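Asks: need coordinates for the below:
(one chain, ligands or ions: 1)
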Amino acid sequence: MLMLLQLLLIIIYNCNMYICICNAVTESEIVSSVQNGNENLDSVSVNLGVGMYCGSCVQVAKALIEVAKGDEHKRSRTQLAHSLTD
Ligand code: FES
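Replies: Numbering: from 1, shown residues only. Predicted coordinates for the structure are as follows:
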């Protein structure tokens, strides 16, 4: 499951994919929200609506928020994958 999440995050980071389909929220919008001070899922949810409906985006959104908080989106794919297993 963790490997699948890692692979999904790598794809998301390279494609600016939609994370929350219900609210049409993209990866870059979540990263921007974190950079603007929303540092947890509750805060990002209030800001963007992530996870407010079906909830299927919550796990990926949480992982993405943690990566964005660590400014790890500037790292290479390999470094990103390793950081998620720590
Ligand atoms: S995909 Fe995010 S609430 Fe449904």
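Asks: count the neighbours of Ile21 for me.
Replies: Neighbourhood size, Ile21 [other C-beta atoms under 10 Å]: 12. To be clear about C-beta, it is placed using only N, CA and C from the backbone, and glycine gets the same treatment.
Asks: repeat for the one 3 residues further on
Replies: Summarising burial for Ala24: neighbours were counted as other C-beta under 10 Å, giving 11.
Asks: one more: Val31?
Replies: Using other C-beta under 10 Å, Val31 has 20 neighbouring residues.
Asks: and it, how far from Met3?
Replies: When distance is defined by C-beta to C-beta, to the nearest Å, Val31 is 22 Å away from Met3.
Asks: show me where the chain dips below the pLDDT cut-off.
Replies: The chain contains residues with pLDDT under 70 at 11-14, 71-86.
Asks: three-state assignment of the residue lying closest to Cys54 once chain neighbours are set aside?
Replies: Counting by C-beta to C-beta, 6 or more residues apart in numbering, Cys54 lies nearest to Cys22, which is 5.6 Å off, once chain neighbours are set aside. Per DSSP: H, G, I helix; E, B strand; the rest coil, the secondary structure class of Cys22 is coil.
Asks: just checking, Cys22 touches Tyr53?
Replies: Yes. Between Cys22 and Tyr53 a contact is recorded at 3.9 Å, counting by C-beta atoms under 8 Å.
Asks: which one of the two is surrounded by more residues?
Replies: Neighbours of Cys22 and Tyr53, each counted by other C-beta under 10 Å, are more numerous for Cys22; the result is 15 against 12.
Asks: OK, contacts around the more buried one?
Replies: Going by C-beta atoms under 8 Å, 6 or more residues apart in numbering, Cys22 touches 49, 52-54, 57.
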